[in-house]
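> just the structure for this:
(5 chains, ligands or ions: 4)
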Amino acid sequence: MTALNGILKDRVLLIFLTSLVLTVFVPDLFGSYWAIVALNLMMWVSLTQSWTLFSGMTGYISLGHVVFYGIGAYVVASTFKVLPLWVSIPLGGVVAGVLALLVAIPVLRVRGPYFVILTFGLAELVKYIVLNVETSIGKSSRLLFGAPTIETLLYIMIGLAVIATLMTKLVSQSRFGRGLSAIRDDEITAETVGVPVVKYKITAFTLSAVIPGMVGGVIALKSTYFEVLQVFNPVISFTVVTMAIIGGSGDVRGPFMGAAFLLLLSELFWATIPQIYMILVGLFLIVFVVFAPNGIAAILWPARSRDSQ
Amino acid sequence: MDLLLSPQLLFSALVLGSTYALVALGLNLVYGTMRLLNIAHGDLIMVGAYAAFWFFTLSGLSPIIGLPLIALICAGLGLILYFAIFRHQLENVHPVERIEANSLLLFFAVSVIVQNVVALSFSGSPRAYRHLDEVYHLLGVSMTANRIAALVVAVTLLSAVVLFLNRSHYGLSISALIQNKTAAKIVGINVSKIQILSFTIGFAIAGVAGALISMTEQISPFMGFPFTIVAFVVIILGGLGNIKGGIAAGLLLGFVEIYVVVLTSANFRSILIYGLFVGVLLLRPQGLFGKTRAS
Amino acid sequence: MSDILSVHKVESGYGEVGVLHGMDLQCRTSKVTALVGSNGAGKSTLMRTIAGLLPNTKGSIHFDGEVIDKLPSHARVEKGLIMVPEGRLVFSDLTVADNLRTGSVNVRAREHWQSTITEVYDLFPRLYERQRQLAGSLSGGEQQMLALGRGLMGLPKMLLLDEPTLGLAPAIAKQIFKVMPALVERGISIFLAEQDLYRTLEIADYAFVVENGKIIMHDTGKVLKNDPKITNAYLGDSKS
Amino acid sequence: MNLLEVENIGKNFGGVRALDEVSLMVDKAETLGLMGANGAGKTTLFSVIAGHLKPSNGIIRLKGKTITGYRPDKVCRLGIARTFQIVRPFIGMSVRENVEVAILFGNSGYDSASSLGDRAMDILDDVGLQGLSETFAGKLTLSARKCLEVARALATGPEILLLDEVMAGLTPREVDDMIEIIQRIKLQRRLTIVIVEHVVKALNQLSERVVVLHHGKIIATGSPQEIAQNIDVREAYFGASDT
Amino acid sequence: ADPVRIGYSIANTGLFAQAAPSQVTAYELWAKQVNDAGGLDVAGERRPVELVWYDDESDPAKSAQIYEKLISDDNVDLLLAPWGTPHHLNVAGVVERHGFPMIGNTAASVAVREVQPGNIWFPTSAIPDRIGVELAAMAAKAGVTSVAIIANVLPFSQENLQFLVPALESVGIEVALNESYPPDISDMTGLLTQIKAANVDGVIALSYPADSFLYMGQSQEIGIDAPFQFLLVGPTISAFSQAFGELADGVVTLGHWSPHQANWSRAKPFFDAYVEAYDMKPDYLDTALAYMSCEILQQAVAKAGLDHDKLRSAISSSTFDTINGDVKFDGVENSITPTAFLQLQGGDMHLVWPENIATAAYKAR
Ligand SMILES: Nc1ncnc2c1ncn2[C@@H]1O[C@H](COP(=O)(O)OP(=O)(O)OP(=O)(O)O)[C@@H](O)[C@H]1O
Ligand SMILES: Nc1ncnc2c1ncn2[C@@H]1O[C@H](COP(=O)(O)OP(=O)(O)OP(=O)(O)O)[C@@H](O)[C@H]1O
Ligand SMILES: [Mg+2]
Ligand SMILES: [Mg+2]
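Ligands and ions are numbered 1, 2, ... in the order given. This next block holds a predicted model:
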């Protein structure tokens, strides 16, 4: 397959994938704190990659990515001790995918600012529906004692990060990806030259929901505690968008760089000057958007990121 | 249910609705004219609320009297942000979608910074003060003076803005500017003047809304986000950049919120509001009061 | 007679790319001046530079006795220098009537918009019929009329017309060519870039030929029309 | 059998009846000219055929098969390509990339036999855009964008080409060149063409038959010479009464 | 001597940031007091204390990460608790894994009983099942016959609701209205109009701080005059009394501490020291609990030193003298302090239930 060939030829990507896989040694080498940091990094990489798969490629900026993550977490939490985890975590992904498929047809009819705000509103709507369901069955929060160890969860999350990265890479190199960027540029023209716009948008949207669904499940297990407002927190969506844009979403390396950079920043600052860490993050973000609008990837690999724009 | 006919509900719906309209108006001016996704809008409201709180606590200055001052502070903040960050974006970044995505991040940053600066300076503890809280009974409605004041100020301000937009070419220029900046320049619209005006007026109105809200709610550095959401819901319902539509939608939302609780259950309040919002976006993306474009 | 517009050694372009390399030309007051040249020669670029959408990196532009090349575009409109752009650039989501009204936001025209709009409707009855329709849904030709009408709404002293008959049916195009002299009668000066060279050179008092961002020839319309160099380069062999 | 049949098509926009019971047939390898005043409904007809607009009533058939209401991408893959009068290039892509997308997704069915780039360059050669292949479409002049519209439509590998005012903005000389290009590619690819043009000279030279629309109705059909003589057309279109 | 390093996470930013100060002020006051008194008594040796803290951004998952760091990276000697139930429950897994004892404070949920005993203890007595029973008993005693309940849909309120309704019914109080509302409610007129129409003599609002505030303001306006009015969380915050003053007089709320209880000898001095230090009153619930957890830790360390095992058994078996009277743990729970309620009276707050620790008699509004 040419796509696979592409991956094997892409040395930078291979290095990334290897380093993702190498994180399995973090717990043994650096202890459990760094294992959690690694777990978080993998989580953000997975989420940001999957966001890029749809929003990065089509230009439909979704501010509601958290809804898939939340629904996955909900599936795992509500079937905890009922279904084995190897069933419930993938099930979380499937349910997220189905949710995406169901809402895709109406939602993808609107564009631009309307889409941005619609996705946000939809995520909030689902949040309140789940909240109501939970209260009506008398389960306002759930404890998940007896979840797997951090190490196990880290391994699963590394797997998800690798899959998410590969998925985004494969899509971006394929005819499918070419169609998606045509949609980003001008949807009507894309349609006119034969790009099956509706089918492509729905497929990409659905694909981009599956990984977050599983990530949400794993994170719920990590917290050993599930509360609706916590897993549907819109800040998660904002963070994903931030990472994607800081990293540069023209290429699979962007999301990785974005996630790693923000996490690094937070590790550097929250431990040393916690009081003003958030203010610093804010200032950093501004500097970035103003002076490096195409993200870190564009600074590190200027030529490649431009032709992938 | 005769509950529905209660003038008390009507009064509350009016107060809530006009507050929403005011909260959204400022956002509409900034987002509507420049496509800047100002998710820090709620934080400006918070700044207005804190300004009112401190004026009142330190000098006993009534927030109502202090309104011009508070408006000035927030307008100043708007000017600083415009010249420090956003002018550059508006002039040098293409296309519009790009500005929009960037502004989302920039305002996210502004929001984080403003919240934390306020939290650092005044601590995260919630605060409140008592002002104009005597209850009046009029036509079978009991109302606290501060809510009457909020209603009066909001309605006055909303009408003033509508009048201003109707009378001047500002309103038309705004609509033109949103759609096509080059064409706006061609017909002789002073683009930067409109942008500066939108920034200052938009921010000032947010500050005023915050001051009004501070009289009836407790305030904290992190109170802003729900207002940001409300503002977005309202301006989408009204049609982006459609100032009058936004005002109507704000009022509508206030009524929906109050009467939904009575008709169904308070529990469904958020579901219904977001449901309405999502539904309108799907069925009439140009907003309830926008004009259709058959494409 | 005086020059209302004079362009002196102007250089301009897009970012790094220079397009105009020392443009020199003058337009007479209350006359039609034409700009002729092939595809990509820089006609639109010059128009944009004069209107203030592009900055000139060198040279100067005088309008109505003043240097205007440092003024922002809206200030030039206020002085009565109004462009009708190529590709129309109407406000798609505003109605036809509102589009026309935007034409008169400048201080000079503001007061008179109601009387001006009646004149524009007289000129283009089609726009009157369509006044409540959103401009984006107009036919291509109708949008062109709207762009022209919007330009007139600004009460111009001088109109910069970039391909004003583009996409217009012959009847309307003919009408536009009739309107131009009428506008000139009223004291409006016209600077015209237009692909319909026969008619253009017909009505132009004076014309400039541009190639690669430079003026290579200029003379009265009549002279150029019969110049074999022009005929070969732009008019082709078959005459219609 | 006719390649394309348009039967009793009507299209309303609110109160405006943009198309009113329009019926016409296009034969294989024919060039049909579509003439009509501004707002007559020409572009609307193209949009209905290409699937961008759903007709209020009527049927469109391609080789006898009803395609009314198909989405534009499907219509394109069935072999009908259109250009936009108000041009819509992918402005973030180079000229070559614009064409590549059309090759990938169009009717031709891309096989990796010859490289995508080469095939794109061939097409650009045909329309004379080869020199601009790496230029971003956003930086083209209007007339170059019109050419790009043609190239992109060709790249989808159509049987039927709907050309909407591709000559607007060209000098007479350039119009002559363009006529030549169109005649050449038509022969090379055995194309069927429907063309809308206000440059009457071009329309007459290219078309074998001309249909005239007025207020959404067909008011005349015939050879270019016949149309030129038609009194109604002269009044409605050329504004001949006062010359 | 080397300082004793004590770590915790706080919600300095984010959703819960407004709740954090009530807890942190207690920690800081305590640390200052200990250091001023010559240091912490570590099994006989005096060592200064040093607080090590990080912002958890109101994210419970982040706070688990922070405790992981405090324990395995920073090697702190002792831990104090984060704010709120979700954070406690997230951290419970961490301290359990490391066998690191920690006294919790601001967590209140029946779920805490599911936590493995041995590494974490909860001095609070505000646990929903007990609140339900006690509140019903108190209302019955106050002569309430029918109540209207409105409850936030957030976990703590809903848990309370679950136990409260049966408890009320079992003491024969009619529940005339039972409505839940979402956390982002911004106007309660609809609910309050219904309450007013229900004509009850008791209103129980299972509210969070922001909605307590909303309730108080709008119920004034609409003129809800039920003699018994209960608000779950909020009235103990000083901004509440600042805003409503005597208007809120008679409101009953959750809390088991008061400076007026003369039997708790440490209570008044703590209150005075707090007011002196911060120029405002402590939160009677969270601040008191946070301070208690420090006292318990202090006394256990004095006895057992810093060794985790010794400390663990000292905490599990000793009785501690706190600002809230004696505290002793049974499993993870405080077995002495009763579930109690406070009432705002004349701008001050008094324990009114249960009667054995009451500092004033309940007064109908
Ligand atoms: N937005 C742009 N960015 C970069 N280059 C541009 C842009 N617009 C035009 N150009 C370039 O500038 C040169 C001159 O273009 P211009 O539009 O002025 O030509 P023109 O004479 O008006 O041609 P036409 O008759 O086709 O309208 C061309 O080479 C074109 O590619
Ligand atoms: N979406 C729409 N809503 C309302 N009216 C429309 C819409 N689209 C087109 N029209 C009207 O339908 C009529 C036909 O338009 P169309 O674009 O087909 O004309 P045309 O023949 O292509 O004209 P031109 O030669 O000017 O391009 C016009 O009067 C136009 O205003
Ligand atoms: Mg041009
Ligand atoms: Mg047309």
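> show me the shaky parts of the stretch 151-300 of chain A.
Scanning the stretch 151-300 of chain A for pLDDT under 70 picks out A:249-250, A:270-275.
> same check, this time on chain D
In chain D, residues with pLDDT under 70: D:1, D:108-114, D:240-243.
> one more pass at 50, please.
D:242-243 (pLDDT under 50).
> which residues of it fall in strands?
D:4-13, D:16-26, D:31-36, D:57-62, D:65-66, D:80-82, D:160-164, D:192-196, D:209-214, D:217-222 (DSSP state E).
> before we move on, what about the stretch 1-150 of chain E?
Using DSSP state E, counting those that start in this stretch, the strands of the stretch 1-150 of chain E run over E:4-10, E:40-42, E:45-47, E:49-55, E:78-79, E:102-103, E:120-121, E:146-152.
> mean pLDDT, mean neighbour count and distance to C:Asn226 added to the ones you listed, as JSON lines?
Using the backbone N, CA and C atoms, a C-beta is placed for each residue, glycine as well. Below are the strands of the stretch 1-150 of chain E laid out as JSON lines (pLDDT from 0 to 100; neighbours: other CB atoms under 10 Å in any protein chain shown; distance: least, CB to CB, whole Å):
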{"stretch": "strand E:4-10", "mean pLDDT": "93", "mean neighbour count": "24", "distance to C:Asn226": "89"}
{"stretch": "strand E:40-42", "mean pLDDT": "92", "mean neighbour count": "21", "distance to C:Asn226": "107"}
{"stretch": "strand E:45-47", "mean pLDDT": "93", "mean neighbour count": "15", "distance to C:Asn226": "107"}
{"stretch": "strand E:49-55", "mean pLDDT": "90", "mean neighbour count": "20", "distance to C:Asn226": "83"}
{"stretch": "strand E:78-79", "mean pLDDT": "96", "mean neighbour count": "26", "distance to C:Asn226": "98"}
{"stretch": "strand E:102-103", "mean pLDDT": "94", "mean neighbour count": "26", "distance to C:Asn226": "100"}
{"stretch": "strand E:120-121", "mean pLDDT": "92", "mean neighbour count": "27", "distance to C:Asn226": "101"}
{"stretch": "strand E:146-152", "mean pLDDT": "94", "mean neighbour count": "25", "distance to C:Asn226": "88"}
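> rewinding a little: can you say which of the strands of chain D is nearest to C:Ser104?
strand D:16-26 (26.6 Å; CB to CB).
> which strands and helices lie in contact with that closest one?
strand D:4-13, helix D:42-50, strand D:217-222 (3 or more CB pairs under 8 Å, 6 or more residues apart in numbering or on different chains; DSSP states H and E).
> who does that strand pair up with?
Applying DSSP bridges to the sheet, strand D:16-26 is found paired with strand D:4-13 (antiparallel).
> do the strand it pairs with and ligand 2 come into contact?
Yes. Counting by CB under 6 Å from any ligand atom, ligand 2 is contacted by strand D:4-13 at D:Phe13.
> not counting residues beside it along the chain, what's closest to D:Val87?
D:Arg145 (4.3 Å; CB to CB, 6 or more residues apart in numbering or on different chains).
> okay, now the one you found: neighbour count?
Neighbour count of D:Arg145, defined by other CB atoms under 10 Å in any protein chain shown: 21.
> over to the one 5 residues further on?
The burial count assigned to D:Val150 is 23, neighbours taken as other CB under 10 Å.
> is it true that D:Ser47 touches D:Lys54?
No. In terms of CB atoms under 8 Å, D:Ser47 does not count as a neighbour of D:Lys54; the distance is 9.6 Å.
> show me the contacts for the nearest residue to C:Gln133 once chain neighbours are set aside.
Of all residues beyond its chain neighbours, the one nearest C:Gln133 is C:Val96 (5.7 Å), with distances taken as CB to CB, 6+ apart. Shown in contact with C:Val96 (CB atoms under 8 Å, 6 or more residues apart in numbering or on different chains): C:Leu127, C:Arg130, C:Gln131, C:Arg132, C:Gln133, C:Leu134, C:Ala135, C:Leu138, C:Leu146.
> the second one touches C:Gly136, doesn't it?
No. Here C:Arg130 lies out of contact with C:Gly136, judged by CB under 8 Å, at a distance of 11.9 Å.
> excluding its backbone neighbours, what's nearest D:Asn8?
Closest to D:Asn8 by CB to CB, 6+ apart is D:Gly58, at 4.3 Å.
> quick check: the one you found touching D:Asn12?
No. Counting by CB under 8 Å, D:Gly58 does not reach D:Asn12; the two are 11.7 Å apart.
> and stretch C:150-164, anywhere near chain D?
Yes. Counting by CB under 8 Å from any CB of the partner chain, contacts between stretch C:150-164 and chain D involve C:Glu163.
> only C-alpha atoms, please: export that stretch in CSV.
Output of stretch C:150-164 as CSV, limited to C-alpha atoms (Å, rounded to 0.1, in the frame of the first residue of the first chain):
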residue,chain,number,x,y,z
ARG,C,150,-23.3,51.5,-5.4
GLY,C,151,-20.4,53.5,-6.9
LEU,C,152,-22.8,56.2,-8.1
MET,C,153,-24.4,56.3,-4.6
GLY,C,154,-21.2,57.8,-3.3
LEU,C,155,-21.6,61.0,-5.4
PRO,C,156,-18.2,60.5,-7.1
LYS,C,157,-16.1,63.3,-8.6
MET,C,158,-14.2,60.6,-10.3
LEU,C,159,-15.1,56.9,-11.0
LEU,C,160,-12.5,54.2,-11.3
LEU,C,161,-14.3,51.6,-13.4
ASP,C,162,-12.6,48.2,-13.5
GLU,C,163,-14.3,46.2,-16.3
PRO,C,164,-17.8,47.6,-15.7
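> returning to that earlier point: any idea which of the strands of chain D is most buried?
Comparing the strands of chain D by mean neighbour count (mean count of other CB atoms under 10 Å in any protein chain shown), strand D:80-82 ranks first with a mean of 28.
> list the helices and strands that strand packs on?
helix D:42-50, helix D:142-155, strand D:160-164.
> and those: which comes nearest ligand 4?
helix D:42-50 (3.1 Å; CB to the ion).
> residues in contact with the closest one?
Contacts for helix D:42-50 (CB under 8 Å, 6+ apart): A:192, C:139-140, D:4, D:6, D:9, D:11, D:18-19, D:22, D:34-36, D:53-55, D:60, D:72, D:75-76, D:80, D:82, D:85, D:162, D:164, D:194, D:196, D:213, D:216.
> can it be said to contact ligand 2?
Yes. Helix D:42-50 comes into contact with ligand 2 (CB under 6 Å from any ligand atom), by way of D:Lys42, D:Thr43, D:Thr44.
> just among those, which is most surrounded?
D:Lys42 (32 neighbours).
> with adjacent residues omitted, what lies nearest to that one?
D:Val196 (4.6 Å).
> need the helices and strands packed on strand D:80-82 in TSV with distance to A:Lys201, can you?
Listed next are the helices and strands packed on strand D:80-82 as TSV, based on distance: least, CB to CB, whole Å:
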stretch	distance to A:Lys201
helix D:42-50	20
helix D:142-155	21
strand D:160-164	25
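> out of these, which is closest to E:Asp201?
helix D:42-50 (70.5 Å).
> so where's the stretch 251-365 of chain E shaky on pLDDT?
For the stretch 251-365 of chain E, no range has pLDDT under 50.
> which residue ranges of it form strands?
E:252-254, E:319-322, E:325-330, E:333-334, E:341-345, E:348-353.
> again, but for chain C
Going by DSSP E, chain C shows strands at C:3-14, C:17-28, C:32-36, C:56-63, C:66-67, C:81-84, C:158-162, C:189-193, C:206-211, C:214-219.
> quick revisit: who has more neighbours out of C:Arg130 and C:Gly136?
C:Arg130 (22 against 17).
> let me see the contact set for that one.
By CB under 8 Å, 6+ apart, the neighbours of C:Arg130 are C:Val96, C:Leu138, C:Glu142.
> can I get the residues you listed in CSV with distance to E:Glu169 and pLDDT?
Formatted as CSV, these follow (distance: CB to CB, whole Å; pLDDT from 0 to 100):
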residue, distance to E:Glu169, pLDDT
C:Val96, 69, 94
C:Leu138, 70, 88
C:Glu142, 74, 87
